[in-house]
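Visitor: One predicted model, sequence on top.
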Amino acid sequence: MFHRPVNKLLIAVIIILAIALSSFLLWTFKVKKPMEILVMNKAVQSVSRTEQKAAFWTLNYNRFVRITGKSYDHRKDYYGFFPLKPSSYKEYDVRNIRFNDIDSLVNHYDMAWFIDTYGLSYGDWYGDASDETFSRMLYGGLNQKDYIYIREMLLRNKLVIAEFNFFASPTSDLLRSKTEELAGIYWSGWTGIYYDNLDYTKNAELPSRVVNLYKEQNHGNWPFSRPGIILLNHENKVLVLENETHIQVELPLITTTADRAARYGVSPVTHYPCRFDICYAADTSNVISYYELYPTADGDSILRRHNIPSRFPAVIGNFDNGPFYYLAGSFSDYDITMFTSRFSGSRSFDFIMLRDMVGSKGKFFSEFYYPFISTVITDYYETAIQQNMNR
């Protein structure tokens, strides 16, 4: 008697489908956590809403839902800038906090999450790179209504999380000062961003305006071709820290003490590949994690000349006026596949696939962003929201 050979490919497909189905069912029947979260993002540049996918993925994976029981939708469940289809028409809508709605919003929402308040310039949205229009703002900046809403949320002991550009331009000096005092955090005037290639003839992502500014300030020179970090301040001063020439470690590192790494479930040391703010905490005991730049002698000279530290806060948690966390970078800007948030255990596969990709957004998401945000929001839900629901 002859037996047909086993189709190994078919067996593999069946096993994968069985695992996927089990994972989806585990997620489906996971207990939902109802919590109303006001998400604000003024810097969404595409209809895909890439700039906030990591935030909504984390909410959905952990089964945080609206009071209605529906999962959060990264395409519509937020305030701020809304690009409209088709994207080629360059049409948009905005959804702002209004004065008359502040009391009702504070009553309705359990938490606020300001992902990015920078907004968009005419150059960002319409693609005009000329100096005349590039920096002229189309929409954005923290405003008085935002500030009052945040203040009232904190007064009621409701969680507020804020990210990159919360204090910087185009927010006015007066509002920045008031917000800094409320948060106990002070902006240095500098922001930075890592690029894997500083050769502007080969890297289309390098902003021509920033390159031109540096050339104007350095006799027409741009002698950089390796990876590195570009620093820009509120007066349009540009500094470049090139790998090997000015910094010993290619990317900024985020370091966290062992006890706090265990508390939030994050890696004690992880590479950070995106934009960041250089800020200071009024109380250094509130600093949870630090950025480390590791300059060479030449790099240290540049930093000292401009009063820029090589070590500065990456994450700050201040509870003096209410639970407030500041992530001093564009932490939520990661184009993760939203579909996978509906499969329990999918993070394990991410970790296996991303473990060797040093400096990738995916590795940062897996090692730092996801565990930190999950811990903060889950702890808040269990200690504040759920206890109130059970009273």
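Guide: Thanks, I have it.
Visitor: Which is the succeeding secondary structure element to the strand ranked longest in the chain?
Guide: Secondary structure of the chain read by DSSP state E shows that its longest strand is strand 185-195. If you walk from strand 185-195 toward the C-terminus, the next helix or strand you reach (DSSP states H and E) is helix 208-217.
Visitor: just checking, what packs against that next one?
Guide: Using 3 or more C-beta pairs under 8 Å, 6 or more residues apart in numbering; DSSP states H and E as the contact test, the elements touching helix 208-217 are helix 131-134, strand 228-233, strand 238-242. (Each C-beta comes from the backbone N, C-alpha and C, glycine too.)
Visitor: what about the helices in the protein?
Guide: Counting by DSSP state H, the segments of the chain that form helices are 8-28, 53-61, 102-108, 122-126, 131-134, 144-155, 173-183, 208-217, 258-264, 297-305, 346-354, 361-364, 370-380, 386-390.
Visitor: partner residues bridging residue 239?
Guide: Taking DSSP bridges as the rule, residue 239 bridges to residue 231.
Visitor: Read off the pLDDT value for it.
Guide: According to the predicted model, the pLDDT of residue 239 comes to 98.
Visitor: residue contacts, it?
Guide: For residue 239, the residues meeting the contact criterion (C-beta atoms under 8 Å, 6 or more residues apart in numbering) are 230-232, 302, 306, 308.
Visitor: and if we set it to 7 Å?
Guide: Residues in contact with residue 239 (C-beta atoms under 7 Å, 6 or more residues apart in numbering) are 231, 302, 306.
Visitor: Could you check how far it is from residue 371?
Guide: Applying C-beta to C-beta, to the nearest Å, the value for residue 239 to residue 371 is 32 Å.
Visitor: Residue 70 too?
Guide: Taking C-beta to C-beta as the measure, residue 70 falls 26 Å from residue 371.
Visitor: How many residues are close by residue 366?
Guide: Burial of residue 366 is recorded as 22 neighbouring residues (other C-beta atoms under 10 Å).
Visitor: correction: residue 157
Guide: The criterion is other C-beta under 10 Å. On that basis, residue 157 has 11 neighbouring residues.
Visitor: rank the helices and strands packed on helix 208-217 by pLDDT, which is bottom?
Guide: Taking the mean pLDDT of those, helix 131-134 comes last: a mean of 57.
Visitor: I'd like to know the phi and psi angles of the nearest residue to residue 165 once chain neighbours are set aside, please.
Guide: Leaving aside its sequence neighbours, residue 165 sits nearest to residue 118 (C-beta to C-beta, 6 or more residues apart in numbering; 3.9 Å). Summarising the backbone geometry of residue 118 under the convention degrees, to the nearest 10, its torsions are phi -60, psi -50.
Visitor: quick one: contacts for residue 118?
Guide: By C-beta under 7 Å, 6+ apart, the contact set of residue 118 is 42-43, 140, 165.
Visitor: Show me the residues you listed that map onto strands.
Guide: By the criterion of DSSP E, membership of those in strands covers no residue at all.
Visitor: In this structure, where is pLDDT below threshold?
Guide: For the chain, the stretches flagged by pLDDT under 70 are 1-6, 16, 18-20, 29, 128-135, 346-358, 386-391.
Visitor: Centroid-nearest residue for it?
Guide: Centroid check for the chain by C-alpha atoms, centre = their mean gives residue 331 as the closest residue, at 2.3 Å.
Visitor: quick revisit: and which of the contacts of residue 118 is nearest to residue 52?
Guide: residue 43 (9.2 Å; C-beta to C-beta).
Visitor: what separates that closest one from residue 313, distance-wise?
Guide: 21 Å.
Visitor: Please apply the same query to residue 276.
Guide: When residue 276 is compared with residue 313 (using C-beta to C-beta), they lie 10 Å apart.
Visitor: Give me the common contacts of these two.
Guide: Residues touching both residue 276 and residue 313 comprise residue 328, with contact defined as C-beta under 7 Å, 6+ apart.
Visitor: Mind checking which of residue 70 and residue 371 has more residues around it?
Guide: Regarding residue 70 and residue 371, a neighbour count based on other C-beta under 10 Å identifies residue 371 as having more, with 18 against 11.
Visitor: is it true that that one touches residue 267?
Guide: No - distance between residue 371 and residue 267: 8.4 Å, which falls outside the contact criterion (C-beta atoms under 7 Å).
Visitor: Buried residues of the longest strand of the chain, list them for me.
Guide: Of all the residues in strand 185-195, those buried under the rule 16 or more other C-beta atoms under 10 Å are 185, 187-195.
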